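In: Next one to model:
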Amino acid sequence: MNQQFNEQFVAATRQFADTAAQVNRIALENAQAVFGLQLATLEDRANAAFAFWGEAAEVRDADGLKNLLPKGAQVARETVERNVATGQEVIGRTVKANEQIGEIAKSQFEAAAKSTQANVEQATRAATEKAESFARGTTKASKAK
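Out: Numbering: from 1, shown residues only. This is a model prediction of the structure:
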């Protein structure tokens, strides 16, 4: 009895560890991808901002400032657009990773339900057989009296 319990416990523990490893792998890959996207966006926008400020530092008169303002607005607009696009991609990747994790959890629940159903059916058959055996034994004993 203890051996059977130990084997079931070890199997359940192994299954849990394997599932946890899969979930952690998916989460880590998502975190790496998201961090990479955000870092690339930050680098690109920082370069654009420094280029703009470099041009701004070279402005010496009002006409140069007039010409610089549209460039500043363009850099700001591109920055907002890039940040929004990156945010959308981050959300999309995170949703996809969460869907994968959900599928893993769903498969684990389904496997547990099947296992439980099989155990219930086995226990029901065993109980039915015992009851029938007992009923046969009682019938024979009552006829013998």
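In: Same question for stretch 70-82: list its buried residues.
Out: Within stretch 70-82, the residues that qualify as buried by neighbour count (16 or more other C-beta atoms under 10 Å) are Val75, Thr79, Arg82. To be clear about C-beta, it is placed using only N, CA and C from the backbone, and glycine gets the same treatment.
In: now what about that stretch, what contacts it?
Out: Among residues not part of stretch 70-82, those counted as contacts by C-beta atoms under 8 Å, 6 or more residues apart in numbering are Thr41, Asp44, Arg45, Ala48, Ala49, Phe52, Glu55, Ala56.
In: Filter these down to just the ones in helices.
Out: Among the contacts of stretch 70-82, the members falling in helices (DSSP state H) are Thr41, Asp44, Arg45, Ala48, Ala49, Phe52, Glu55, Ala56.
In: Quick check on Asp61: phi, psi?
Out: Recorded main-chain torsions at Asp61 are phi -140, psi 180, according to degrees, to the nearest 10.
In: Sketch out the low-pLDDT regions of this protein for me.
Out: In the predicted model, the chain carries pLDDT under 70 at residues 1, 5, 138-145.
In: Okay, helices next: where are they in it?
Out: Applying DSSP H to the chain gives helices spanning 2-57, 62-144.
In: which other helices and strands contact the shortest one?
Out: The reference is to helix 2-57. Applying 3 or more C-beta pairs under 8 Å, 6 or more residues apart in numbering; DSSP states H and E, one finds that helix 2-57 makes contact with helix 62-144.
In: now, which of the ones in helices among the contacts of stretch 70-82 sits nearest Asn98?
Out: Comparing the ones in helices among the contacts of stretch 70-82 against Asn98 with C-beta to C-beta picks out Thr41 as the nearest, at 21.8 Å.
In: That closest one and Leu68: what is the separation?
Out: Distance of Thr41 to Leu68, computed by C-beta to C-beta, to the nearest Å: 24 Å.
In: Compare these two (neighbour count), which wins?
Out: In this view Thr41 and Leu68 are compared by other C-beta atoms under 10 Å, and Thr41 has more residues nearby, 18 against 15.
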